[in-house]
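Visitor: Sequence plus the predicted model coming up.
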Amino acid sequence: MSFSLITLSDPAKDHIAGILADHGPEAGLRLTLKKGGCAGMEYKLDIAETKPDGDDAVEEGAARLFIEPSAMLYLLGMHVDYEVTKLRSGFVFKNPNEVSACGCGESVELKPVDAVPAH
């Protein structure tokens, strides 16, 4: 049985594959967390031409997402979607580790996953 750190919706997979189409076969979209915003942390996406050492990878078809090691405990169980509305388009992060988010939706407060199961 395999377990994915992060799951991707079909629209997210399609959009990631489209972004990577102009890059080499080893390229992926790299997800990291950075400190910032009014809630404390922000999701950051960059293109990596190869998988950085130590990164975990979610690969589904042509969609390849690399996850920075220091972010793993904050992202476990997250679902990534991509939505298009009349006013915006972009990735939507549905993270069970999110404690709160700022009003503008640009930053979040996250708690790490508890490594010891509750009894």
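Guide: Perfect, I can see it now.

Visitor: May I ask which helix or strand of this structure has the lowest mean pLDDT?
Guide: strand 108-110 (a mean of 63; mean pLDDT, DSSP states H and E).

Visitor: in the protein, which spans are helices?
Guide: When assigned using DSSP state H, the helices of the chain occupy the ranges 10-20, 72-75.

Visitor: averaging pLDDT over each of these, which comes out lowest?
Guide: Looking over the helices of the chain, mean pLDDT reaches its minimum on helix 72-75, with a mean of 88.

Visitor: Who are the packing partners of that helix?
Guide: Here helix 72-75 touches strand 28-36, going by 3 or more CB pairs under 8 Å, 6 or more residues apart in numbering; DSSP states H and E. C-beta coordinates here come from the backbone N, C-alpha and C atoms, glycine included.

Visitor: can you pull out the strands in this structure?
Guide: 6-8, 28-36, 40-48, 56-60, 63-67, 78-84, 89-94, 98-101, 108-110 (DSSP state E).
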